[in-house]
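K.L.:
fold the following for me, if possible:
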Amino acid sequence: MNQLAGSVILATCLVLTGCDIEGFDGGIREKEDFHYSYDLKPGGRLELESFNGSIEIAGWDKNTVEINGTKQAATRDLLNEIKIDIVSSPESLRVRTVRPLGRHGSMGVKFVLSVPRKVILERIASSNGSIRVRDLEGSARLKTSNGSVHAANLKGDIDAGTSNGGVELADFTGGATLHTSNGSIHATGVRGFFEATTSNGAIDAQVVEASGRPIKADSSNGRINLTVESLKGSDVQASTSNSSITVRLPSSINARLKASTSNSSINSEFDLTVHGSLSKNRLDGTIGSGGPLINLSSSNGAIRIQKL
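P.N.:
Model prediction:
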C-alpha cells in the first residue's frame with residue numbers, strides 16, 4: 001500500500017465511522033480520566049461494553065472492583081457526550097460506554113480494572129482495541145475487533161474471539177474456545193478442553209493435559225503446530241489448507257491415526273499397523289493398541305506426526 005492510499009483509508013475511518021486505532025492518537029485532542037470503585041462479592045458477575053479502546057482486567061485479593069479509565073475525543077463537546085453508565089449490586093456489576101448518537105469524529109475509551117480474583121466475566125467487549133485479562137478464577141467471554149486478546153493465569157471456561165488480531169492464552173485450566181480471522185492463535189500451558197479456529201493465521205498450541213473432550217485446531221492459509229503431552233482419551237482433530245500440520249504426541253501413545261493431504265507428503269515417527277493401502281498423501285493406521293482418533297487433514301501442505 002502506498003502512502004497516499006494509506007492516508008485516504010485512515011481519513012475515511014476517522015471521518016465517516018468515527019473509529020480510532022489503538023495506539024494512534026491522530027484526531028484526539030481531548031482526554032479525561034475517570035475512577036470508580038464498587039463492592040463485588042467473590043463469584044460475582046462483571047459485564048463491560050466499550051468501543052475504540054483497550055480493556056485490561058486483573059484479579060486481586062479484594063472484594064472490590066476498581067475502575068480506572070480515560071475518555072478520548074477530537075473535541076471537548078464530543079468528550080463530554082461520552083457517558084459511562086454503571087449498574088451495581090453486591091452480586092453483579094455492569095459497565096457500559098454510551099456513544100453519542102449521530103456524532104462523528106475520533107473518540108473512544110480505555111479501561112483498566114482490578115477485580116476480585118474469583119469473578120465471572122459475563123461479557124467483556126470492545127472494538128478497535130485489545131483485551132487483556134489475568135489472574136482470575138471464573139468463566140470469561142471476551143470479544144473485540146481490530147485488536148488482540150491476551151489471557152494468562154486463568155481457571156475456568158473461556159470464550160475469546162476477535163477479528164484482524166491474534167489470540168494468546170497462557171497458564172490456563174478449564175475449557176478454551178478461541179477464534180479469530182486474519183490473525184494467529186498461540187496457547188501454552190493449557191490443561192483441559194481446547195478448540196481454536198482461525199483464517200489466514202497460524203495456530204501454535206501446547207496442551208499439557210487434555211480433558212477427555214476432543215482437541216480441535218482449524219485454520220485456512222496457516223500452519224498448525226500442536227503439542228499434546230497427555231491425551232486422557234481425547235481425540236485430536238486438526239485441519240488446514242495451503243499450509244502444514246505438525247503434531248507432537250507422547251512416545252507411549254496408543255491411538256488410531258488418520259491423515260490426508262494433497263500435493264504434499266505425510267511423515268510419522270510412530271510405528272503403525274496400516275489399514276488398507278499405504279500412499280504418499282494418505283495414511284490410516286493404529287499406533288500401539290489403538291485408542292483416541294488422531295485425524296489430520298491438509299491441502300498443499302505436509303503433515304508430520306512426531307514423538308515428544
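
K.L.:
tell me the contacts of the spatially most central residue of the chain?
P.N.:
By Cα atoms, centre = their mean, the chain has its centre lying nearest to residue 167, at 3.3 Å. Residue 167 is in contact with 148-150, 160-161, 178-180, 183-186, 196, 198, counting by Cβ atoms under 8 Å, 6 or more residues apart in numbering. C-beta coordinates here come from the backbone N, C-alpha and C atoms, glycine included.

K.L.:
would you turn those into TSV with pLDDT and neighbour count?
P.N.:
What follows is these, written out as TSV (pLDDT from 0 to 100; neighbours: other Cβ atoms under 10 Å):
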residue	pLDDT	neighbour count
148	97	20
149	98	28
150	98	18
160	98	25
161	97	20
178	98	27
179	97	20
180	96	26
183	95	22
184	97	20
185	98	26
186	98	19
196	98	29
198	95	26
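
K.L.:
now, those that are in helices?
P.N.:
Among these, no residue falls in helices (DSSP state H).

K.L.:
and of the residues you listed, the nearest to residue 275?
P.N.:
residue 196 (28.7 Å; Cβ to Cβ).

K.L.:
can you pull up the bridge partners for the closest one?
P.N.:
residue 178, residue 217 (DSSP bridges).

K.L.:
identify the residues contacting it.
P.N.:
167, 176, 178, 179, 185, 187, 203, 205, 216, 217, 218.

K.L.:
measure the nearest residue to the last one once chain neighbours are set aside to residue 187 for me?
P.N.:
For residue 218, ignoring the flanking residues on the chain, the nearest one in space by Cβ to Cβ, 6 or more residues apart in numbering is residue 197 at 4.7 Å. Separation of residue 197 from residue 187 (Cβ to Cβ, to the nearest Å) stands at 13 Å.

K.L.:
between these two, which one's more packed in?
P.N.:
Taking neighbours as other Cβ atoms under 10 Å, residue 197 and residue 187 compare with residue 187 leading, 22 against 19.

K.L.:
my guess is that one contacts residue 170, does it?
P.N.:
Yes - counting by Cβ atoms under 8 Å, residue 170 is a contact partner of residue 187 at 7.2 Å.

K.L.:
coming back round to it: quick one: pLDDT of the residue nearest to the centre of the chain?
P.N.:
pLDDT for residue 167: 98.

K.L.:
which residues are in contact with both of residue 197 and residue 187?
P.N.:
The contact sets of residue 197 and residue 187 overlap at residue 178 (Cβ under 8 Å, 6+ apart).
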